[in-house]
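Undergrad: Sequence and predicted structure below; questions after.
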Amino acid sequence: MTPAARLSAAIEVIEAIDTQRVPAAKALKEWGTAHRFAGSGDRAGISGLVWDVLRRRASSAWIMDDDTSRARLLGMLKAERRMDVDTIAALCDGSGFAPEPLSDSERSALASRTVADAPAHIAGDYPEWLDGQLADVFGDDRVAEATAMASRAPLDLRVNTLKAKRDKVLGSLRHLGATETPWSPLGLRIDLGADARNPGIHAEEDFIKGGIEVQDEGSQLAALLSGAKPGEQVIDLCAGAGGKTLALAAMMQGKGRLIATDADKRQLAPIHERLSRAGIHNADIRTPKGPDDTLSDIHNSADLVLIDAPCTGTGTWRRNPDAKWRMRPGALEVRIKDQAEVLDRAVALVKPGGRIAYVTCSVLPQENRDQIRAFTARQPEFSVVPPEQVMSVLWDKAEDFAAATYQSPEGVLMTPRRTGTDGFFVSVMTRKKA
Ligand SMILES: C[S@@+](CC[C@H](N)C(=O)[O-])C[C@H]1O[C@@H](n2cnc3c(N)ncnc32)[C@H](O)[C@@H]1O
């Protein structure tokens with residue numbers, strides 16, 4: 001397919017997403033099934049265009065003063081791909097499978113309109129109802145922060161130190177352009193361009209042998225900031241598929257006891273295979289069975305309870321631009337209730353002098369600061385560990401990392417703009433010694 005034909009295909013997919021209200025991944029898959037002639041490069045190119053339109057949905061429509069699928073694609077080419085009007089016109093010449101030629105009004109919009117005078121939620125491409133919350137946490141920087149949250153994310157890997165060394169893996173993944181991540185001592189990064197194909201990490205020997213896992217650097221750092229140590233008893237209360245469990249196990253170097261559970265047993269399903277591939281032998285997976293408390297035998301015993309809380313995932317918008325536009329206030333309310341519940345559940349598990357590490361992949365203050373304030377008010381036995389002390393686990397990187405993050409008396413916030421990671425909030429709280 002020509003680059004121009006890919007544009008036409010992307011317009012078709014965006015139209016399907018809008019009119020049939022299907023998730024983007026499904027619409028792309030259906031397009032692929034109906035157009036079997038398209039090669040993997042074409043599919044990757046079309047996916048890249050569609051995801052970029054979703055990332056820039058509001059600003060692209062503003063630039064074009066029109067929110068049709070075609071208008072948003074054209075606006076995105078200017079806003080995201082930085083194409084000038086003549087380059088766009090050369091692609092859209094109506095020949096073969098190319099989009100129709102630009103109209104006079106499209107030309108003029110592409111040549112002159114910008115988001116300089118657009119409201120913050122349009123310029124930053126986020127749902128209007130979240131403007132108050134983003135203003136609360138980022139103030140006048142919210143457009144810049146949200147714009148970074150709308151950018152493309154790299155593929156990050158965590159080297160599993162139980163099985164591999166970062167230097168060695170770096171060498172063996174050079175053919176994929178891997179580099180070291182700036183903050184995590186365990187991280188590798190593969191930057192993906194607009195038309196990048198899936199680098200096929202799951203087929204790499206390092207992956208098959210358990211030497212690497214796919215994990216955003218922010219998620220790696222959230223686990224590191226929990227400060228899990230060899231010999232401790234650690235409970236991963238919202239373990240899900242086990243991303244943090246694997247990171248905690250590596251920090252514990254196979255020493256101590258790691259218990260992982262989740263309210264939803266289906267989320268835990270992949271964890272067994274992942275633990276075995278990673279060579280982890282000190283983890284005990286507690287699958288919930290009915291309403292009984294699966295952790296009743298280990299009350300008051302944990303040195304650390306990690307709560308990788310259910311959240312809105314606003315910090316991962318750059319990986320899920322589709323979800324950003326589907327998010328509704330009702331979903332935020334449900335998450336806030338779940339978070340308070342899981343925080344309260346952790347209280348009975350922590351031993352005196354032990355700690356809770358509360359993590360979200362959200363930047364919203366209601367899920368972060370406000371949750372911690374409400375929790376410490378409900379549970380006065382717990383107090384927040386000062387963020388600089390929490391970040392000291394990063395040793396020589398601690399000072400620069402502290403300067404890059406947002407800090408509050410409640411915790412540390414990473415963002416794509418400030419730390420180049422997904423958005424993650426981490427708060428560590430200790431329980432008074434008896
Ligand atoms: C952010 S996800 C966990 C991701 C996982 N830790 C990882 O790193 O791959 C949040 C998890 O919390 C679980 N959850 C929700 N409410 C819970 C509760 N009250 N107690 C325990 N887990 C809960 C959800 O089922 C979901 O798997």
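TA: On my side now, so go ahead.

Undergrad: Any idea how many residues pack against the closest residue to residue 65 other than its chain neighbours?
TA: Leaving aside its chain neighbours, residue 65 sits nearest to residue 109 (5.7 Å; criterion: Cβ to Cβ, 6 or more residues apart in numbering). C-beta: built from backbone N, CA, C; applies to glycine. If you count neighbours by other Cβ atoms under 10 Å, residue 109 ends up with 21.

Undergrad: repeat for residue 396
TA: When neighbours are counted by other Cβ under 10 Å, residue 396 comes out with 8.

Undergrad: what's the answer for the one 10 residues further on, then?
TA: Here the count is done by other Cβ under 10 Å, and residue 406 has 20 residues near it.

Undergrad: same deal with residue 112?
TA: Using other Cβ under 10 Å, residue 112 has 9 neighbouring residues.

Undergrad: re the thing from before, name the helices or strands packed onto the helix or strand that the residue nearest to residue 65 is a member of?
TA: Assessed by DSSP states H and E, residue 109 sits inside helix 104-112. Taking 3 or more Cβ pairs under 8 Å, 6 or more residues apart in numbering; DSSP states H and E as contact, the helices and strands that helix 104-112 lies on are helix 57-64, helix 69-79, helix 85-91.

Undergrad: Report the mean per-residue pLDDT for stretch 146-162.
TA: Across stretch 146-162, pLDDT averages out at 97.

Undergrad: So residue 280 versus the ligand, what's the distance?
TA: From residue 280 over to the ligand the distance is 14 Å, taken as Cβ to the nearest ligand atom, to the nearest Å.

Undergrad: quick one: secondary structure of the closest residue in space to that residue that isn't next to it in sequence?
TA: Nearest residue to residue 280, sequence neighbours excluded (Cβ to Cβ, 6+ apart): residue 249, at 4.3 Å. At residue 249, secondary structure determined by DSSP: H, G, I helix; E, B strand; the rest coil is helix.

Undergrad: For stretch 53-63, give me every contacting residue.
TA: With Cβ atoms under 8 Å, 6 or more residues apart in numbering as the contact definition, stretch 53-63 has outside contacts at 10, 14, 17, 24, 67, 69, 71-76, 78-80, 109-110, 113-115, 118, 121-126, 150-152, 318, 321-322, 324-325.

Undergrad: ugh, wrong one, I meant stretch 252-265
TA: The contact list for stretch 252-265 (Cβ under 8 Å, 6+ apart) reads 161-162, 228-240, 242, 245, 248-249, 268, 271, 280-288, 294-295, 298, 342.

Undergrad: Buried subset of the residues you listed as a ChimeraX selection?
TA: Applied in ChimeraX, the following selects the buried portion of the contacts of stretch 252-265 according to 16 or more other Cβ atoms under 10 Å:
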select :161,162,228,232,233,234,235,236,237,238,239,240,242,245,248,249,268,271,280,282,283,285,286,294,295,298,342
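
Undergrad: Is residue 156 in a helix, a strand, or coil?
TA: strand.

Undergrad: For the most centrally placed residue in the chain, list the residues it contacts.
TA: For the chain, the residue nearest the mean C-alpha position is residue 316 (2.8 Å; Cα atoms, centre = their mean). With contact set as Cβ under 8 Å, 6+ apart, residue 316 has these partners: 216, 323, 361, 422, 423.

Undergrad: now, among these, which is nearest to the ligand?
TA: The ligand lies nearest to residue 361 out of the contacts of residue 316, by Cβ to the nearest ligand atom, at 6.5 Å.

Undergrad: To what extent is that closest one buried, counted in neighbours?
TA: Using other Cβ under 10 Å, residue 361 has 25 other residues around it.

Undergrad: Looks like it contacts residue 313 (just checking).
TA: Yes: using Cβ atoms under 8 Å, residue 361 is in contact with residue 313, at 5.6 Å.

Undergrad: for the ligand, what are the nearby residues on the stretch 201-350 of the chain?
TA: Proximity of the stretch 201-350 of the chain to the ligand, by Cβ under 6 Å from any ligand atom, involves residues 237-244, 262-264, 267, 308, 310, 338, 341-342, 345.

Undergrad: Just the ones of those in strands?
TA: Counting by DSSP state E, the part of those found in strands is residue 308.

Undergrad: what packs against the least confident helix or strand in the chain by mean pLDDT?
TA: Using mean pLDDT, DSSP states H and E, the weakest-scoring helix or strand in the chain turns out to be helix 321-326, at a mean of 92. Packing partners of helix 321-326 (3+ Cβ pairs under 8 Å, 6+ apart): helix 24-34, helix 40-55.

Undergrad: In stretch 380-393, which residues are buried?
TA: For stretch 380-393, by 16+ other Cβ under 10 Å, it's 382, 384, 385, 387, 390, 391, 393.
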